[in-house]
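K.L.:
3D model of this:
(2 chains)
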Amino acid sequence: MVKTNENGAFFKLDDVSVSYGQIEALKGVTVEVGEGEIVSLIGANGAGKSTTLMTISGILKPKKGKKYFDGEDVTDASADGIVGRGIVQVPEGRRIFPRMSVQENLEMGAFRRHKADTGTLDHVFELFPILKERRGQKGGTLSGGEQQMLAIARSLMAEPRLLLLDEPSLGLAPKIVEDIFATINRINSEGITVFLVEQNAAMALDVSHRGYVMETGKVVLQDTSANLLENEEVQKAYLGG
Amino acid sequence: MVLQQIINGLTIGAVYALIATGYTMVYGIIELINFAHGEIYMMGAFVAMTFFRLWGMPLWAAAPAGILAAVMLGVTLEYVAYRPLRRSPRLVALISAIGASLFLQNLAMKIWGARRQPFLDPNRPLEFFQIKHHVSLPVLGEATFSNMQITILVTAAVIAILLNLIIKRTKVGKAMRATAQDQVAARLMGVNVNRTITATFAIGSAMGAVAGILVGMNYNQVWPMMGYMAGLKAFTAAVLGGIGNIPGAFVGGLILGMAEGFAGAYISSLWMDAIAFAVLIIVLIYRPSGILGEQIPKRT
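P.N.:
Here you go, the predicted structure:
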């Protein structure tokens, strides 16, 4: 399943440890994502899922271990350098810019690109027609579902090659969660690799090809999503079975 | 009489507005009250005076030299005194700012002496700025004002428009707004936050230096402590308008200037400073977020 190039996986976290002061949040995490895949990372609150994404994005620096993207060692790349290479995150809680309009939020997504071409904007508006209607409205006035769409749309403006999604279903109504996951599928079918962090394990495993299970800063299980859905421990711990 | 106070109040208010913008921009981005900002204003005025009066350069060269020096000083200050403390408790950076303020006051005294000295060169009077105009309007009464006062108002207006364009239209301006609203999200968009903070200090320092040079020319004096009271007043103006809010800094500056002008004319000029700080206290009690400040709590 994992497509690799001569230097290994498309993206790889190799034995990465991260600490907040004395507290070790990640303890030797290894995760691989192949080009074109949707890979999910599931686990309980506080397991280290968001820390993993913030480390990939270069907001947190690993104390130990390496990061590779597209054959390059990007362990020491700055956060803006990571975005420039095409790894873009939709953070937990959406974190849209509340006092900027929808349009300005989208322009911020294209910040690293030299000239924002209108093609990308048109494409984003086609994916999320509601955002086109609301383009002049302040980001902070949108509903939760619209804010999540804006957060995803904003990340697409960067023309990502690897999209990191942190809890896109958080706090949204089931119908909207379904829409969001359908969109994730569509984005992936357009050639964007997706690494998805979710507490909603059922939805995440349903949409992804492979999955990792994380507990207290460690990856404890990895398999195809189909197998994980059948796994008894996973069912007991994360699927309410 | 009323018209005269309006004109005087607007002039001093425009100066407060220029300085207040530096406070408010820095606060908006790193939530630090840069107490050394008044000293940047003072240093800009001193360097321009040095080039102009002491070294005999023309004003069109001396003023940019003062602005450039202030920009370099402001950027260095951030790098040396604030950046290493970015992860420390806010009080630590505040103490560093007060220390930097005292250091710069003493540095100026060491270089130029503690006394007040003229900005202008008696051998090269800038006659244009001295020309006075007289107007008389019904109800508002009569007033006299100089070309220097007009220059201050026009400069402040032009800078306000330019700043608005920078903030709204340019890449660095968008980066500044994004960083002020959510620093982590800005970094996730690929904004280089360090560079954005440097740009913020540079722009704020340039505006402070412009104010310092205008004040130096208007009152024909500069002195090492000139930034102390001006800085406190401008800080008051920034809080009055809503700290972190750029249009608020301009509104706050103009209101404070007018309040001072009228207090000076109708109560007593001895009470001007007391009125300014009474305004600060009243705002902090009844509307701590300022006139244009956001009422919604900040996200955590």
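
K.L.:
stretch A:158-175 vs chain B: in contact?
P.N.:
Yes: Stretch A:158-175 is in contact with chain B by CB under 8 Å from any CB of the partner chain, via residue A:158. For every residue, glycine as well, the C-beta is placed using N, CA and C.

K.L.:
residues of that stretch that come out buried?
P.N.:
A:158-169, A:172 (16 or more other CB atoms under 10 Å in any protein chain shown).

K.L.:
and these, which is closest to chain B?
P.N.:
residue A:158 (7.0 Å; CB to the nearest CB).

K.L.:
and the residue lying closest to the closest one once chain neighbours are set aside, how many neighbours?
P.N.:
The shortest distance from residue A:158 to any non-neighbouring residue, by CB to CB, 6 or more residues apart in numbering or on different chains, is to residue A:88 (4.5 Å). Residue A:88: 27 surrounding residues under other CB atoms under 10 Å in any protein chain shown.

K.L.:
quick one: residue A:88 is in a strand?
P.N.:
Yes: under DSSP: H, G, I helix; E, B strand; the rest coil, residue A:88 sits within a strand.

K.L.:
confidence score at it?
P.N.:
We have a pLDDT of 98 for residue A:88.

K.L.:
show me what from chain A comes close to chain B.
P.N.:
Within chain A, the positions near chain B by CB under 8 Å from any CB are A:57, A:59, A:78-80, A:83-84, A:88-89, A:91, A:95-100, A:104, A:107-109, A:111-112, A:140, A:154, A:158.

K.L.:
select only the buried ones of those in ChimeraX?
P.N.:
Selection of the buried residues among these in ChimeraX, burial being defined by 16+ other CB under 10 Å:
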select /A:57,59,78,79,80,83,84,88,89,91,95,96,97,98,100,104,107,108,109,111,112,154,158
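
K.L.:
about what we covered before: among the buried residues of stretch A:158-175, which pair sits farthest apart?
P.N.:
Within the buried residues of stretch A:158-175, A:161 and A:172 form the most distant pair, 26.3 Å apart (CB to CB).

K.L.:
buried stuff in stretch B:54-73?
P.N.:
In stretch B:54-73, counting by 16+ other CB under 10 Å, buried: B:59, B:62-63, B:65-71, B:73.

K.L.:
quick one, strands of chain B?
P.N.:
Per DSSP state E, chain B carries strands over the ranges B:132-137, B:141-146.

K.L.:
please identify which of those is closest to chain A.
P.N.:
Chain A lies closest to strand B:141-146 among the strands of chain B, at 37.8 Å (CB to the nearest CB).

K.L.:
what residues of that closest one count as buried?
P.N.:
Neighbour-count burial for strand B:141-146 [16+ other CB under 10 Å]: B:143, B:145-146.

K.L.:
and the helices in chain A?
P.N.:
Using DSSP state H, the helices assigned to chain A run over residues A:49-56, A:79-85, A:102-109, A:118-127, A:129-133, A:144-156, A:174-189, A:201-207, A:225-230, A:232-238.

K.L.:
can you redo the ones you listed as a markdown table with mean pLDDT?
P.N.:
Shown next, in a markdown table, are the helices of chain A (pLDDT from 0 to 100):
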| stretch | mean pLDDT |
| --- | --- |
| helix A:49-56 | 97 |
| helix A:79-85 | 96 |
| helix A:102-109 | 96 |
| helix A:118-127 | 91 |
| helix A:129-133 | 96 |
| helix A:144-156 | 96 |
| helix A:174-189 | 95 |
| helix A:201-207 | 94 |
| helix A:225-230 | 96 |
| helix A:232-238 | 91 |
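
K.L.:
tabulate those in a markdown table, adding columns for distance to residue A:17.
P.N.:
What follows is those, written out as a markdown table (distance: least, CB to CB, whole Å):
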| stretch | distance to residue A:17 |
| --- | --- |
| helix A:49-56 | 9 |
| helix A:79-85 | 19 |
| helix A:102-109 | 31 |
| helix A:118-127 | 37 |
| helix A:129-133 | 39 |
| helix A:144-156 | 27 |
| helix A:174-189 | 29 |
| helix A:201-207 | 24 |
| helix A:225-230 | 24 |
| helix A:232-238 | 24 |
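
K.L.:
quick one: closest of these to residue B:184.
P.N.:
helix A:49-56 (8.3 Å).

K.L.:
contact partners for residue A:184?
P.N.:
By CB atoms under 8 Å, 6 or more residues apart in numbering or on different chains, the residues touching residue A:184 are A:38, A:152, A:165, A:168, A:194, A:196, A:207.

K.L.:
quick one: the second one from chain B, how far?
P.N.:
Distance from residue A:152 to chain B, counting by CB to the nearest CB, to the nearest Å: 13 Å.

K.L.:
now for that residue, how many residues are close by?
P.N.:
Residue A:152 has 23 nearby residues by other CB under 10 Å.

K.L.:
now it, nearest residue through space, not along the chain?
P.N.:
residue A:90 (5.4 Å).

K.L.:
and the one you found, how far from residue B:12?
P.N.:
49 Å (CB to CB, to the nearest Å).

K.L.:
what's the closest non-adjacent residue to residue A:25?
P.N.:
Closest to residue A:25 by CB to CB, 6+ apart is residue A:51, at 4.5 Å.

K.L.:
for that neighbour, which residues are in contact?
P.N.:
Here residue A:51 is in contact with A:18, A:25-26, A:60, A:217 (criterion: CB under 8 Å, 6+ apart).

K.L.:
adding distance to residue B:100 and pLDDT, write the buried residues of strand B:141-146 out as CSV.
P.N.:
Formatted as CSV, the buried residues of strand B:141-146 follow (distance: CB to CB, whole Å; pLDDT from 0 to 100):
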residue, distance to residue B:100, pLDDT
B:143, 40, 90
B:145, 36, 92
B:146, 35, 93
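
K.L.:
what sits against the closest residue to chain A within chain B?
P.N.:
Per CB to the nearest CB, residue B:190 is where chain B lies closest to chain A, at 3.4 Å. Residue B:190 sits next to A:79-80, A:83-84, A:111-112, A:158 when contact means CB under 8 Å, 6+ apart.

K.L.:
go again with 10 Å.
P.N.:
By CB atoms under 10 Å, 6 or more residues apart in numbering or on different chains, the contact list for residue B:190 reads A:78-85, A:88, A:108-113, A:158, B:175.

K.L.:
next one: residue B:137
P.N.:
By CB under 10 Å, 6+ apart, residue B:137 lies in contact with B:2-3, B:143.

K.L.:
from residue B:11, how far out is it?
P.N.:
Where residue B:11 is concerned, residue B:137 sits at a distance of 17 Å (CB to CB).

K.L.:
cool, and residue A:36?
P.N.:
65 Å.

K.L.:
and for residue A:204?
P.N.:
63 Å.

K.L.:
equivalent analysis for residue B:230, please.
P.N.:
In terms of CB to CB, residue B:230 sits 13 Å off from residue B:11.

K.L.:
spell out which residues of the stretch 151-300 of chain B are next to chain A.
P.N.:
Residues of the stretch 151-300 of chain B found near chain A (CB under 10 Å from any CB of the partner chain) are B:168, B:171, B:174-175, B:177-195, B:294, B:296, B:298-299.

K.L.:
try 8 Å
P.N.:
B:171, B:174-175, B:177-178, B:181-182, B:184-192, B:294, B:296, B:299.

K.L.:
isn't residue B:66 right up against residue B:41?
P.N.:
No: applying CB atoms under 8 Å as the test, residue B:66 and residue B:41 come out as separate, 10.2 Å apart.
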